[in-house]
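Enquirer: The sequence and its predicted three-dimensional model are supplied below.
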Amino acid sequence: MRIVFAGTPGFAATHLEALLKADMEIVGVYTQPDRPAGRGKKLMASPVKQLAIENNIEVFQPLNFKEQDARDQLAELKPDLMIVVAYGLLLPQSVLDIPTHGCINSHASLLPRWRGAAPIQRAIEAGDTVSGVTVMQMEAGLDTGPMIQKVETPIMPGDTGGTLHDRLAKIGSEAVVQTVAKFESGPVLKEIQDDSLTCYAHKLNKAEAMINWHQPADLIVQKIKAFNPAPMCFTLLGDSRIRVLKAQVYPQNHYSIPGTVLTVNNLGIIIACKENAVVLEQVTIPGKKPMMVSDLLNGKHPFVENYVLASEQ
């Protein structure tokens, strides 16, 4: 099959790499335009573009498909199938209709749950115990198309947004390779989604990464896991922004103001929440690399008991 691939971040690059290893015929790659990145704000090619160039595949980077020229360019590739993974553009029906077999998408959730931009992080934040990837036939709606294949993986207690992302990228890429084989062998069975079971996975933003100690401890810990490695949860100690990489629920009844440091011991820094407490185990303080809190305490960093951390009221 003549395949066009569309994707941008590392999650998508893992899928493209799997297709190349399976000797699929990739006739073109679409990705987002190069963006400024790093301290120098130099234009950087996406991981998908870098992989395509390494494999001598022609790369296309339209801003969108509103212009007829962009759609004609895609049609000239004569694709049998277009595979879309975290591309970053909502494709119009006029584009979905170009490939012979339409477009398929690898989405990092067990649809119909968690449609939208951040399904991996929202699943952990919500306390889900299972996640997965759904390969679906694309239609004009956002992640609403009929499902072709699902693969599941448990969300483990130690999972973060980063670890679950990497695992889903691997199993999702394998599922896409299998789905292509289904299209090659004949008619493909599809299951319509039940819209009543869906949740919307809103895009992450830095403002919501500030820890609100007025929430229950379990919700705070789930968010800390979900937002690691980005945008990374943080709290304030005086004027210092403390990024929190790892924390656990500490089952302690108290009558303290949420955000109060209840105690500092060999477990870490224990902070009062609306319900129970949270023990900070690994943090990043300004000017330092990530460190275990026990190491910070051994170095006598000035964390002060009974200091009320700034938080949302």
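Expert: Looks like it came in fine.

Enquirer: Tell me if residue 148 really is in a helix.
Expert: No - with DSSP: H, G, I helix; E, B strand; the rest coil as the criterion, residue 148 is located in strand rather than a helix.

Enquirer: quick one: it and residue 181 touch, right?
Expert: No - proximity of residue 148 to residue 181 does not meet the contact threshold set by Cβ atoms under 8 Å, at 11.4 Å. For every residue, glycine as well, the C-beta is placed using N, CA and C.

Enquirer: can you tell me how far residue 147 sits from residue 89?
Expert: Remark: distance between residue 147 and residue 89 (Cβ to Cβ, to the nearest Å) = 21 Å.

Enquirer: Please apply the same query to residue 7.
Expert: 11 Å.

Enquirer: These two - which one has more neighbours?
Expert: A count of neighbours by other Cβ atoms under 10 Å puts residue 7 above the other of residue 7 and residue 89, at 29 against 16.

Enquirer: Can you tell me who that one pairs with across the strands?
Expert: residue 85 (DSSP bridges).

Enquirer: pLDDT at it, what is it?
Expert: On pLDDT, residue 7 comes in at 98.

Enquirer: Then residue 242?
Expert: Turning to residue 242, the model gives it a pLDDT of 90.

Enquirer: quick one: contacts of the helix or strand it falls within?
Expert: Using DSSP states H and E, residue 242 maps to strand 240-250. The contact list for strand 240-250 (Cβ atoms under 8 Å, 6 or more residues apart in numbering) reads 211, 217-218, 220-221, 224, 228, 232-236, 267-268, 270, 276-286, 290.

Enquirer: That strand pairs with which strands, parallel or anti?
Expert: Assessed with DSSP bridges, strand 240-250 is paired to strand 234-237 (antiparallel), strand 277-284 (antiparallel).

Enquirer: Identify the residues contacting residue 98.
Expert: Going by Cβ under 8 Å, 6+ apart, residue 98 touches 71, 74, 75, 79, 82.

Enquirer: Tell me the secondary structure at it.
Expert: Criterion first, three-state DSSP; result for residue 98: coil.

Enquirer: And it, what's its pLDDT?
Expert: The per-residue pLDDT reported for residue 98 equals 98.

Enquirer: for residue 111, same thing?
Expert: According to the prediction, residue 111 has pLDDT 98.

Enquirer: Residue 136 is in contact with that one, correct?
Expert: Yes - at 6.5 Å, residue 111 and residue 136 qualify as touching, with contact defined as Cβ under 8 Å.

Enquirer: anything in contact with each of the two?
Expert: Between them, residue 111 and residue 136 share these contacting residues under Cβ under 8 Å, 6+ apart: 143, 147, 193.

Enquirer: element containing the last one?
Expert: According to DSSP H and E, residue 193 maps onto no helix or strand at all.

Enquirer: the strands in the stretch 1-150 of the chain, which residues?
Expert: Using DSSP state E, counting those that start in this stretch, the strands of the stretch 1-150 of the chain run over residues 2-7, 25-30, 35-37, 42-44, 59-60, 81-85, 103-107, 115-116, 130-137, 147-154.

Enquirer: which other helices and strands contact the first one?
Expert: What that stands for is strand 2-7. Using 3 or more Cβ pairs under 8 Å, 6 or more residues apart in numbering; DSSP states H and E, the elements in contact with strand 2-7 are helix 10-21, strand 25-30, helix 47-54, strand 81-85.

Enquirer: how about these, which one is nearest residue 251?
Expert: helix 10-21 (35.5 Å; Cβ to Cβ).

Enquirer: ok, and what's touching that closest one?
Expert: Taking Cβ under 8 Å, 6+ apart as the rule, helix 10-21 contacts 3, 5, 7, 26, 29, 31, 46-48, 50-52, 55, 83, 85-87, 106, 108, 165, 168-170, 172-174, 176-177, 180.

Enquirer: quick one, which of residue 148 and residue 181 is more surrounded?
Expert: Legend: neighbour count by other Cβ under 10 Å for residue 148 and residue 181, higher for residue 148 (21 against 12).

Enquirer: Least confident of the strands paired with strand 240-250, on average?
Expert: Among these, strand 234-237 scores lowest, with a mean of 88.

Enquirer: so how far is that strand from its chain's centroid?
Expert: Computed by Cα atoms, centre = their mean, to the nearest Å, the chain-centroid distance of strand 234-237 equals 24 Å.

Enquirer: Now do the contacts for the closest residue to residue 52 other than its chain neighbours.
Expert: Excluding the flanking residues, the one nearest residue 52 by Cβ to Cβ, 6 or more residues apart in numbering is residue 29, at 4.0 Å. If you count contacts by Cβ under 8 Å, 6+ apart, residue 29 has them with 4, 5, 6, 7, 16, 48, 49, 52, 57, 58, 59, 60.

Enquirer: I am finished for the moment; much appreciated.
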